[in-house]
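K.L.:
Sequence first, then the predicted structure, then my questions.
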Amino acid sequence: PAFLILELQRLTNKLQHIVCRRDHFGVHLIGALHVDHRHHFVDDIHVRAFQCVVLQSAKPIFARHTFCRLTAGGGFQEQVAALGDAFAIAGEFLHCDTINSGHINMTFRATYRKPDGTTRRYIFQRVNDAVFPCPKDVMHNVEKVTNHIRWKMLRVLKTPFRQTLNLYSARGGRKYLEIPGSGFWRCYNCIENTHTFDVADHPRQAYEAARAFGAFQQLLCDMNPEDIHETIPFFHHTRRRFDHLEKAAAADSHGRLNTCRKELDFIRRRERYVDVLLDLQERGELPVRIVHNDTKINNVMLDEDTDHAVCVIDLDTVMPGSILYDFGDMVRTVTPPTEEDEEDLSKVRMRMPMFQSIVEGYLSAAHGFLTQAEIDQLAFSGKLITLEIGTLSPSGSCRSSLRTSASVQMPAGWPCPSSTMIEPHRASR
């Protein structure tokens, strides 16, 4: 009937210009459903498909171009200045320099002149989305943790003078900036008058680093682990790593197995360690807490004059887990007189005074919330994490090659750290 055709036409017009909000593609789609706009609709599909192909093909070019400009000196000062504008940093941009100490993220330190003539520095950092496939989850975790620490120190501990990491908001209110082709960027305050060490030179430095990580965990012990995302699944699942190593050895895809049988046998003889903490977690004897997961000494900012711990940094790996992996990684990385990637194993040894300082520093800050089950496993955790890191990454890929399992070799006398060294500190609980 004529009246029905008229109503259908009116409905088409409403769908085209109200629902589609005058978007040409939507207008032509609705029109085509009403046996109209068919040719326009097909043409629009072809145009959109062409645009999509071009944009998808251009993304790697945009990324490479932006990366080159940021790293090769091709106007990267201007690029960082633009980042400052995006984060609404007040003042005049003066200059920036690259911070090369980290292995994961791209980091710049920018200097600004404030209206009162003073200068202030800020940290701009690009989150590595090759390591962290979900940068938004990483930023969620960092924001949650830094907010909780700041609240705890200002409202509960009443210590506003202590320095903490602070995320600045980008225009629009979010704590990060997503730039097409250049990834996720964030802006931190710069912790001034501090420095870091890659290797502890004195037991006092080990004590301060351990105390800082213990205090970090103490500040987060009342935070719900379910509020934090697991950004790297199975990060400290030792059994999973061990099984991946066995699969890699069985496949021997690069023909290198015969060059490292000694190291592989070393790991296989210690398979009994693999499930110790996992079984305790499965039985509910070890609590799930929010932990740092990268407790190297260079992730603690120390005061330049006193070497007292000021601030824990590098929070990208903060996830739910066990404090024992944090403590164990301190033992692994702080007790040797070398960096963790040292290839000359004759230089690698365990310095017992450093271990003692780690125990004392950590328990001085963390003893109030630790359970007895956690304390009982502190000494063992150093042995376990060294074994774990000497095998494979959680994804199953080798850290450099199958031969890197040689790094798990422990010096003679390694079992010396025992619960007897921790026993005197239990009375202070």
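P.N.:
Structure's in. What do you need?

K.L.:
And the helices in the stretch 151-300 of the chain?
P.N.:
203-220, 238-251, 261-268, 276-282 (DSSP state H, counting those that start in this stretch).

K.L.:
what comes up buried for stretch 207-225?
P.N.:
For stretch 207-225, burial by neighbour count (16 or more other Cβ atoms under 10 Å) applies to 207-221, 223. Every residue, glycine included, has its C-beta placed from N, CA and C.

K.L.:
on that earlier part again, okay, the helices of the stretch 151-300 of the chain, which one's buried deepest?
P.N.:
Of all the helices of the stretch 151-300 of the chain, helix 203-220 carries the top mean neighbour count, a mean of 24, counting by mean count of other Cβ atoms under 10 Å.

K.L.:
circling back: how about CSV for the helices of the stretch 151-300 of the chain, with distance to residue 138 and mean pLDDT added?
P.N.:
Converted to CSV, the helices of the stretch 151-300 of the chain look like this (distance: least, Cβ to Cβ, whole Å; pLDDT from 0 to 100):
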stretch, distance to residue 138, mean pLDDT
helix 203-220, 16, 95
helix 238-251, 21, 93
helix 261-268, 31, 93
helix 276-282, 24, 95
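
K.L.:
a markdown table for the ones you listed, including distance to residue 297?
P.N.:
Listed next are the helices of the stretch 151-300 of the chain as a markdown table, based on distance: least, Cβ to Cβ, whole Å:
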| stretch | distance to residue 297 |
| --- | --- |
| helix 203-220 | 5 |
| helix 238-251 | 23 |
| helix 261-268 | 26 |
| helix 276-282 | 23 |
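
K.L.:
Which of these sits closest to residue 108?
P.N.:
Closest to residue 108 of the helices of the stretch 151-300 of the chain is helix 203-220 (Cβ to Cβ; 24.7 Å).

K.L.:
The closest one - contacts with which helices or strands?
P.N.:
helix 135-151, strand 289-291, strand 300-303, strand 309-312, helix 323-334, helix 352-366 (3 or more Cβ pairs under 8 Å, 6 or more residues apart in numbering; DSSP states H and E).

K.L.:
Extract the CA atoms of that helix and return them as CSV.
P.N.:
C-alpha atoms of helix 203-220 as CSV (Å, rounded to 0.1, in the frame of the first residue of the first chain):
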residue,chain,number,x,y,z
PRO,A,203,76.8,-4.1,52.6
ARG,A,204,75.2,-0.8,53.6
GLN,A,205,73.9,-0.4,50.0
ALA,A,206,72.5,-4.0,50.1
TYR,A,207,70.8,-3.2,53.4
GLU,A,208,69.2,-0.1,52.1
ALA,A,209,68.0,-1.7,48.9
ALA,A,210,66.4,-4.6,50.8
ARG,A,211,64.9,-2.3,53.3
ALA,A,212,63.3,-0.3,50.4
PHE,A,213,61.8,-3.3,48.8
GLY,A,214,60.5,-4.5,52.2
ALA,A,215,58.9,-1.1,52.8
PHE,A,216,57.4,-1.2,49.3
GLN,A,217,55.7,-4.5,50.1
GLN,A,218,54.6,-3.2,53.5
LEU,A,219,53.0,-0.2,52.0
LEU,A,220,51.0,-2.5,49.6
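
K.L.:
by how many degrees do it and helix 135-151 diverge?
P.N.:
Helix 203-220 runs at 100 degrees relative to helix 135-151, counting by axes from the mean of the first three to the mean of the last three Cα atoms, to 10 degrees.

K.L.:
Helix 203-220: how far from the chain's middle?
P.N.:
Taking the mean of its C-alpha atoms, helix 203-220 sits 19 Å from the chain's own mean (Cα atoms, centre = their mean, to the nearest Å).

K.L.:
related to what we said a few turns ago, quick one: which of the buried residues of stretch 207-225 is nearest residue 301?
P.N.:
residue 212 (8.5 Å).

K.L.:
Could you check how far the closest residue to the closest one other than its chain neighbours is from residue 191?
P.N.:
Leaving aside its sequence neighbours, residue 212 sits nearest to residue 309 (Cβ to Cβ, 6 or more residues apart in numbering; 3.6 Å). Using Cβ to Cβ, to the nearest Å, residue 309 is found at 11 Å from residue 191.

K.L.:
likewise residue 367?
P.N.:
Using Cβ to Cβ, we find residue 367 at a distance of 26 Å from residue 191.

K.L.:
Now do stretch 179-193: distance from first to last residue.
P.N.:
One end of stretch 179-193 to the other measures 32 Å (Cα to Cα, to the nearest Å).

K.L.:
cool, stretch 288-302 as well?
P.N.:
Taking Cα to Cα, stretch 288-302 runs 29 Å from one end to the other.

K.L.:
Flag every buried residue along that stretch.
P.N.:
In terms of neighbour count (16+ other Cβ under 10 Å), stretch 288-302 has its buried residues at 289-302.

K.L.:
Save these as CSV, and put in distance to residue 143 and pLDDT too.
P.N.:
CSV is the format used below for those (distance: Cβ to Cβ, whole Å; pLDDT from 0 to 100):
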residue, distance to residue 143, pLDDT
289, 19, 96
290, 13, 96
291, 17, 96
292, 16, 96
293, 17, 95
294, 18, 93
295, 21, 95
296, 23, 94
297, 25, 93
298, 23, 92
299, 18, 94
300, 21, 94
301, 20, 93
302, 25, 93
